[in-house]
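Novice: Okay, here's the prediction I keep looking at, along with the sequence it came from:
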Amino acid sequence: MLEGPSTSVRLTGNRELARRLPLFDVCGLIALAGLVTAIAFRRPDVLALTTPFVVAIAAALALWRPVDGVVKIRADRTRIVEGEDVTILVDITSPSGIGRVEIELEPSDRLVAVGSLRAVTTVKSNSTTTLAFTVRASDWGVAKIDKLTVRVCDRFAMFGGELDARADTTVTIGLPEDRISASLEAERFRSIVGSHLSNDRGQGMEIADIRPFQPGDSTRNINWRISNRRQEPWVTLRHPDRSTTVVIIVDAHDGENDEQRMTQRRSVSAAMSLSRGHLALHDRVGLLVVGHTVQWLPPKLGRNQLFQIADRLVAVSNAPEASRRMYRPPAVSTIPNNAIVVAVSPLRDPLMVSLVAEIRSRGNPVSVLVPQTEQARSSRRRLRITNRTTEQARRLAAVEQKIGVQSLRERGVGIVAWAPDEPVITVIDSVRQLRQAMARGRSW
C-alpha cells in the first residue's frame with residue numbers, strides 16, 4: 001500500500017514552544033508568598049510547606065532544554081472511496097526527547113472523525129513516536145487536513161507552548177466502484193447510447209461486402225459457399241467491431257450551495273457511468289470539464305483513461321468558489337467531428353449554452369442531460385416566501401434558461417430533464433428516442 005506525501009513541521013527554535021506555562025507562575029507565587037509569610041511572621045516552619053514548589057521550579061529550570069524535533073503528518077492512502085476509512089499518521093522525532101506532546105487534527109468537511117482526533121504521548125531521545133488517527137470519507141472530492149495543532153511541555157509542565165500549522169496532506173475521494181458499475185450494463189448501454197458500426201472494412205462480425213479474392217487477402221476470409229458456386233475464390237469483407245468516439249462535457253459552474261453541490265454530484269456520477277460503459281466496450285472516451293477552469297482530456301482507450309477521467313471529475317469539487325465561472329468558451333476544434341457529445345449541465349449559464357450550440361453547429365450529435373433537484377420542482381412554492389428582488393432574479397434566470405433550452409432544441413440538440421429519482425439508464429434511453437425521432441424528421 002503506497003503512502004501519501006508527508007508534511008513536516010519543525011519544532012526546533014520556535015519561541016512559541018518555549019514559554020512559561022501557568023503552573024510555573026503558580027509555583028513561583030506560592031514560593032514567594034511562603035517566603036514573605038515566614039519573614040513577616042517569623043515562622044520558619046512555613047518555609048517547609050513551600051519547599052516542594054521551590055524544588056519543582058529549580059528542577060524545571062535545571063532540566064529544561066529547548067524543544068528540538070520534527071513532526072511529520074501523512075496519510076496511509078492517497079485515494080479512497082466514499083465510506084472508506086483512511087489512517088492519518090503523525091510521526092514525532094526528537095534527538096533530545098520531549099516530555100509531553102499533544103497532537104490534535106482538524107480535517108476538512110469531507111472527512112469525518114472515527115474516534116478521537118486528539119492524542120498525548122511522550123517522545124524519548126533519538127526515537128520516533130507514531131500516532132494514528134482514523135477518519136472516514138463522507139463525500140467525494142479532494143479532502144485534506146486543514147490544521148495540525150502541536151502542544152508540548154516538559155515533564156514538570158513548567159515550560160512549553162502551542163503551535164498551529166497547515167498540513168498539505170490531501171486525499172482524493174472517489175465515487176463507490178460498485179455503485180458506478182451497477183448503474184449501466186455493458187450491452188444494454190451499447191444499444192441505448194446509439195453506438196454505430198465503423199464505415200471501414202476490416203476484422204469484425206458484421207458483413208460489409210463480398211468480392212473476388214485479391215492478392216494479400218487472408219485465406220481465413222474466404223467464403224467457401226460462394227466460392228464453390230462461382231468456381232473461384234471469393235472473400236467476405238466485414239465491418240470492424242463497433243467503434244464509438246464519445247466526448248462527455250461536465251458543467252462545473254455551480255457548487256456554492258447544497259442544491260448546486262447535489263447537482264454537481266449527480267453530474268459527476270453520470271459522467272463516470274458514461275465513461276465506464278464506453279471504455280468497457282473499447283470505445284474512445286474524452287472529457288471536457290467547463291467551469292472554474294477548462295480541462296480537456298482527449299479521447300483514448302483503456303483503463304488508464306478511466307483513471308484519468310476519474311481524477312478530473314473528482315477535482316471538480318475542489319475548485320475555489322470565487323473562480324467557478326468560465327469567462328469564455330473554449331475552442332471546440334479539438335473535438336472529433338464524428339464524436340458523440342453528451343453534456344451534463346443544468347444549462348443555467350449562458351456560456352454553457354453557447355458552447356453546446358457551437359459544438360452542434362460543427363455537425364456533432366449533441367445530447368444534454370439536465371439534472372433537476374427537488375427545490376427546482378417546487379420553485380413556485382419557494383418564490384412565494386422570498387422577497388420581491390430575489391423572486392424577480394430567479395424568474396429572470398428561469399426565463400433565460402428556457403430561452404437557452406429552446407434555442408438549443410431548434411438547433412437539433414436533444415435535451416432531457418433528469419429527475420432526482422430517475423436512474424441514469426432511463427435518461428440515456430430517452431436520449432436515444434430523441435435521436436431516432438430527429439432522424440425520422442419528427443418535432444422535438
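Specialist: Everything's here; your move.

Novice: nearest residue to V70 other than its sequence neighbours?
Specialist: T93 (5.1 Å; C-beta to C-beta, 6 or more residues apart in numbering). Where C-beta positions appear, they are placed from N, C-alpha and C, glycine not excepted.

Novice: Give me the sheet partners of whichever strand or helix holds the one you found and which way each runs.
Specialist: Counting by DSSP states H and E, the element that carries T93 is strand 85-94. Using DSSP bridges, the strands paired with strand 85-94 in its sheet are strand 70-75 (antiparallel), strand 127-137 (antiparallel).

Novice: List the buried residues in the last one.
Specialist: So the one you mean is strand 127-137. T129, L131, F133, V135, R136, A137 (16 or more other C-beta atoms under 10 Å).

Novice: Which stretches in the stretch 201-350 of the chain count as helices?
Specialist: 224-230, 258-280, 303-314, 350-361 (DSSP state H, counting those that start in this stretch).

Novice: Can you give the distance of the first one from its chain's centre?
Specialist: Using C-alpha atoms, centre = their mean, to the nearest Å, the mean C-alpha position of helix 224-230 is found 60 Å from that of the whole chain.

Novice: just to revisit the earlier point, could I get the contacting residues of the residue nearest to V70?
Specialist: Neighbouring residues of T93 by C-beta atoms under 8 Å, 6 or more residues apart in numbering: G69, V70, V71, K72, V123, S127, T128, T129.

Novice: Pipe those residues into TSV and attach pLDDT and distance to E84 per row.
Specialist: What follows is the contacts of T93, written out as TSV (pLDDT from 0 to 100; distance: C-beta to C-beta, whole Å):
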residue	pLDDT	distance to E84
G69	88	32
V70	91	29
V71	91	26
K72	91	23
V123	90	31
S127	90	32
T128	92	27
T129	92	26
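
Novice: and stretch 57-68, which residues are buried?
Specialist: I57, A60, W64, V67, D68.

Novice: quick check, nearest of those residues to A18?
Specialist: Closest approach to A18 among these (C-beta to C-beta): V67, at 6.6 Å.

Novice: The closest one contacts L11, correct?
Specialist: Yes - counting by C-beta atoms under 8 Å, L11 is a contact partner of V67 at 5.0 Å.

Novice: Tell me the residues that contact both of the two, please.
Specialist: L17, S94, V152.

Novice: okay if I get the residues you listed as TSV plus pLDDT, distance to A339 and neighbour count?
Specialist: Conversion of the shared contacts of V67 and L11 to TSV gives the following (pLDDT from 0 to 100; distance: C-beta to C-beta, whole Å; neighbours: other C-beta atoms under 10 Å):
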residue	pLDDT	distance to A339	neighbour count
L17	82	59	22
S94	90	59	22
V152	90	59	26
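
Novice: Tell me where the stretch 1-150 of the chain has helices.
Specialist: 22-41, 45-63.

Novice: Show me the one of those helices that comes nearest R409.
Specialist: Nearest to R409, of the helices of the stretch 1-150 of the chain and by C-beta to C-beta, is helix 22-41 at 71.7 Å.

Novice: Going by contacts, tell me the helices and strands next to that closest one.
Specialist: Helix 22-41 sits against helix 45-63, with contacts defined as 3 or more C-beta pairs under 8 Å, 6 or more residues apart in numbering; DSSP states H and E.

Novice: 10 Å instead, please
Specialist: On a contact count with 3 or more C-beta pairs under 10 Å, 6 or more residues apart in numbering; DSSP states H and E, helix 22-41 meets helix 45-63, strand 159-165.

Novice: right, so of those, which gets closest to S6?
Specialist: S6 lies closest, by C-beta to C-beta, to one member of these: strand 159-165, at 12.8 Å.

Novice: Right, I'll call it a day here.
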